[in-house]
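> I need the structure of the sequence given here:
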Amino acid sequence: MSELTLRILEQKRQRRRELAQLSYPEKVRIVEKLRDASLRIARASQRQGLRAL
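Residues are numbered from 1 along each chain as shown. All right, here's what the predicted structure looks like:
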């Protein structure tokens, strides 16, 4: 495996450890934020005729 791939995998592991230590309400807040962003992207792409919802 390349050095870059190894670094990326280690960063992913570290981020997962950090997320696992968050409180439940904080995890919910993050998921809601991601959902809202996803919906904004979907609406914007729909307005521009890029894809259907």
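
> distance of Arg40 from Gln48?
13 Å (CB to CB, to the nearest Å). Any C-beta I mention is one placed from the backbone N, CA and C, and that applies to glycine too.

> have a look at this structure and report its longest helix.
helix 24-47 (DSSP state H).

> any buried residues in it, and which?
By neighbour count with 16 or more other CB atoms under 10 Å, helix 24-47 contains no buried residues.

> spatially central residue for this protein, please.
Leu34 (6.2 Å; CA atoms, centre = their mean).

> need the per-residue pLDDT for that one.
Leu34 is assigned a pLDDT of 97 by the prediction.

> what's the distance between it and Arg17?
19 Å.

> touching the helix or strand that Gln11 is a member of from outside, list them.
Assigned by DSSP states H and E, Gln11 belongs to helix 3-20. With contacts defined as CB atoms under 8 Å, 6 or more residues apart in numbering, helix 3-20 is touched by 1, 27, 30.

> tell me what angle the longest helix of the chain forms with helix 3-20.
With axes from the mean of the first three to the mean of the last three CA atoms, to 10 degrees applied, the angle from helix 24-47 to helix 3-20 works out at 120 degrees.

> from the contact counts, what lies against helix 24-47?
With contacts defined as 3 or more CB pairs under 8 Å, 6 or more residues apart in numbering; DSSP states H and E, helix 24-47 has no helix or strand neighbours.

> that one: how far from the chain's middle?
Offset of helix 24-47 from its chain centre (CA atoms, centre = their mean, to the nearest Å): 9 Å.

> one more: stretch 10-27?
For stretch 10-27, the distance to the chain centre is 12 Å (CA atoms, centre = their mean).

> could you dump it to PDB, C-alpha only?
What follows is stretch 10-27, C-alpha atoms only, in PDB (Å, rounded to 0.1, in the frame of the first residue of the first chain):
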ATOM      1  CA  GLU A  10      -5.000   6.300   9.700                       C
ATOM      2  CA  GLN A  11      -6.700   9.700   9.500                       C
ATOM      3  CA  LYS A  12     -10.000   7.800   9.000                       C
ATOM      4  CA  ARG A  13      -9.400   5.600  12.000                       C
ATOM      5  CA  GLN A  14      -8.500   8.700  14.100                       C
ATOM      6  CA  ARG A  15     -11.700  10.500  13.000                       C
ATOM      7  CA  ARG A  16     -13.800   7.500  13.800                       C
ATOM      8  CA  ARG A  17     -12.300   7.300  17.300                       C
ATOM      9  CA  GLU A  18     -13.100  11.000  17.800                       C
ATOM     10  CA  LEU A  19     -16.600  10.600  16.600                       C
ATOM     11  CA  ALA A  20     -17.200   7.600  18.800                       C
ATOM     12  CA  GLN A  21     -16.300   9.700  21.900                       C
ATOM     13  CA  LEU A  22     -18.900  12.400  21.200                       C
ATOM     14  CA  SER A  23     -22.100  12.500  23.100                       C
ATOM     15  CA  TYR A  24     -25.300  11.200  21.500                       C
ATOM     16  CA  PRO A  25     -26.800  14.700  21.200                       C
ATOM     17  CA  GLU A  26     -23.700  15.900  19.400                       C
ATOM     18  CA  LYS A  27     -23.800  13.000  17.000                       C
END
